[in-house]
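Novice: below are the sequence and a predicted model; questions follow.
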Amino acid sequence: MIDGKSYWLVVLRGRESRPHGEAASERGRVRRCHGLHARGDSGPTGIERITDKARREPTLRFTSLAHHLTTDRLWQALQHMDPSTAPGLDGVSHANAVKHGALWSADLLAAVHPYGYQPPAVRRVWIPKPGKADRRPLGVPTIVDRVLQRSVTEVLSAIYE
């Protein structure tokens, strides 16, 4: 249990598709995760548990990792971002994102968890090619989108590294 919530770990083997309903549970592919440490304990964090699980069971498929995207993780990703980073199409600067972090992080997590996430439009910038007169396009995502990308990258790197 994490913060009083119980999570299910779905284990798929071989070329199986995602199991559904009671039949999947009866086949033993859905197992409840026990012994998880609550936040603030001296035990491993959620990311450390994912890393340990991925190392112990290399064929394990993780199906739902959205619960590891938290306000704290978003805030850490924002703090690691360069303050002079360019704003995206929405014009929100890094300083403004830090100032109003509580507002957009709650909305972002609400969009990610139950519904999925549709990224905002990307600002197109043309930069010169090195040593040529031509220019190439460069897409600049919004600050909020970059924060989410960095948070998701942290969770995924715990599995694949």
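Specialist: Arrived safely. Residues are numbered from 1 along each chain as shown.
Novice: am I right that R124 is in a strand?
Specialist: Yes: judged by DSSP: H, G, I helix; E, B strand; the rest coil, R124 forms part of a strand.
Novice: could you say which helix or strand contains the nearest residue to it once chain neighbours are set aside?
Specialist: Spatial nearest neighbour of R124, excluding adjacent residues (CB to CB, 6 or more residues apart in numbering): P137 at 5.7 Å. Where you see a C-beta, it was placed from the backbone N, CA and C, and this is true even at glycine. Assigned by DSSP states H and E, P137 belongs to strand 135-140.
Novice: after that strand, which helix or strand is next?
Specialist: For strand 135-140, the following helix or strand on the C-terminal side (DSSP H and E) is helix 143-160.
Novice: mean confidence for that following helix?
Specialist: The predicted model assigns helix 143-160 a mean pLDDT of 92.
Novice: that one to strand 135-140, inter-axis angle?
Specialist: Interaxial angle, helix 143-160 versus strand 135-140 (axes from the mean of the first three to the mean of the last three CA atoms, to 10 degrees): 80 degrees.
Novice: what's helix 143-160 in contact with?
Specialist: For helix 143-160, contacts defined as CB atoms under 8 Å, 6 or more residues apart in numbering pick out 47-48, 50-51, 54, 62, 65, 68-69, 73-74, 76-78, 80-81, 85, 87-88, 90, 92-94, 97, 104, 108, 112, 117, 119-120, 141.
Novice: please save the CA atoms from the strand holding P137 in PDB.
Specialist: In PDB, the C-alpha atoms belonging to strand 135-140 read as follows (Å, rounded to 0.1, in the frame of the first residue of the first chain):
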ATOM      1  CA  ARG A 135      17.700  26.900 -41.800                       C
ATOM      2  CA  ARG A 136      16.100  24.000 -40.100                       C
ATOM      3  CA  PRO A 137      12.900  23.800 -38.000                       C
ATOM      4  CA  LEU A 138      13.100  23.300 -34.300                       C
ATOM      5  CA  GLY A 139      10.000  22.500 -32.100                       C
ATOM      6  CA  VAL A 140       9.900  24.100 -28.600                       C
END
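Novice: show me which positions of that strand end up buried.
Specialist: Neighbour-count burial for strand 135-140, with 16 or more other CB atoms under 10 Å as criterion, is recorded at V140.
Novice: name the residues that touch it?
Specialist: Residues outside strand 135-140 that contact it (CB under 8 Å, 6+ apart): 86-89, 122-129.
Novice: buried ones among these?
Specialist: Looks like these have 88, 123 buried, using 16+ other CB under 10 Å.
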